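> Here is a sequence with its predicted model. Questions after.
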Amino acid sequence: MHIGVSTWVWASPCDDATVAALAPRVAAWGFDVLELPVEQLGDWDPARTATVLGDLGLGASVCLVMPPGRELVAADAATVRATQDYLRGVLDAAAAVGAPAIAGPAYTSVGRTWRMSDAERRAAYEQLRENLAPVVEHAAQVGVRIGVEPLNRYETSLLNTIDQTLEALDGLPPEHIGLGLDTYHQNIEEQDPAAATRRAAGRIVHVQVCANDRGAPGADHLDWPGFLDALSDAGYSGPVCIESFTAENATIATAASIWRPLADSQDALATEGLAFLRGLAVT
C-alpha cells in the first residue's frame, strides 16, 4: 500500500516554497506520495515540482479545490465555463507531475447547500454530467482520471454518499472518472462504510484518510482493518493519502471547522498516521 500525505497538514496554499520545504521531510519519514492541492492555478509550478519529487523518489497526487464561485450545477454559464477551465488546468498540472488522478468535490463549492426534491436532484445530476463531460474529455486526452468526492451534509447537499455519487456519474466513462473517497465524510454519511466502499468496486479513483475528528488515522474509533479490506475487495490499488489541516490557517481551518489542535504537532499527525497505516499493511 502506497501512503501519501497532503501539504494541507502543514500549510495553505501549497506553493513552490511549501513543496521545497516539505517534500524532503515527507520522503525521509517514509511516505510514498505527496498530495498537492491546487487552490489557484499557478500556486505551484508543475515542472519544478516534478523535479523536486522525482529527485526524492516521491509520487504525486493532486487535490482539486472548490471555494465559493466554482460551480458546475445551478450556476450561470460563465461560472460553469470558468470552473471547467480550472478543472482542465488541474488535470494539466497532475499530468505534468505524473499524478494518476485528481480528486475533490468537482460539482459545487464547499459549504453550498440547498433543498431539492427527488426530481430536482435528478435534474441536478443530469446537469452535472453534462458539465463534467467536456472536462472528462480533457482527462482522457492527458491520461489523468477524475475522482469525484462526496462530502458530508454540512459541506454540501448534492453528493453525500457513495451511492449518490455513483448515480450522479452514471453514463460517464469509468475509465476516466470515478469516485474520490474520504474516511472523514464516510464516517458521517455511510451507515456501513465498508459495504458502501465495496459497492464502488471498479470506480474508486483516489482515497483520502484521517481519523474521525480529522486527526491521525488510528487515533480514533474507525474500523481501519475493515475499511482497508473493503478497498482491496473493491479493486483499489492506488495511494491512501492522509488529509488533515492546521488550525493556524484561517481559510482552510474555517472551511474544515478546525478549531483545536488534532495531534501533539502536525508532524506527529503525519508520522503517527503513517506508522499506524504501515502497521496495518503488514498484518
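Yep, that arrived. Residues are numbered from 1 along each chain as shown.
> Which other helices and strands does the worst-scoring helix or strand of the chain on mean pLDDT contact?
Ranked by mean pLDDT, DSSP states H and E, the weakest helix or strand in the chain is helix 250-255, scoring a mean of 72. Helices and strands touching helix 250-255, by 3 or more Cβ pairs under 8 Å, 6 or more residues apart in numbering; DSSP states H and E: there are none. (Glycine included, C-beta is placed from N, CA and C.)
> List the buried residues in it.
Under the neighbour-count criterion of 16 or more other Cβ atoms under 10 Å, helix 250-255 has 252-253, 255 buried.
> go on, stretch 272-283?
For stretch 272-283, burial by neighbour count (16+ other Cβ under 10 Å) applies to 272-274, 276-277, 280.
> Ok, stretch 75-95 next?
75, 80, 83-84, 86-95.
> For residue 5, list the residues it contacts.
The contact partners of residue 5, taken as Cβ atoms under 8 Å, 6 or more residues apart in numbering, are 26, 31, 33-35, 241-243, 270, 273-274.
> Among these, name the ones in strands.
33-35, 241-242 (DSSP state E).
> need the contacts of residue 5 in CSV with pLDDT and distance to residue 109, can you?
Below are the contacts of residue 5 laid out as CSV (pLDDT from 0 to 100; distance: Cβ to Cβ, whole Å):
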residue, pLDDT, distance to residue 109
26, 98, 29
31, 98, 30
33, 98, 27
34, 98, 25
35, 98, 21
241, 98, 22
242, 98, 24
243, 97, 18
270, 98, 28
273, 98, 28
274, 98, 31
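> Need the max-distance pair from these.
With distances taken as Cβ to Cβ, the most widely separated pair in these is 34 and 273, at 14.3 Å.
> My guess is residue 89 contacts residue 39. True?
No: Residue 89 is beyond contact range of residue 39, at 11.9 Å (criterion: Cβ atoms under 8 Å).
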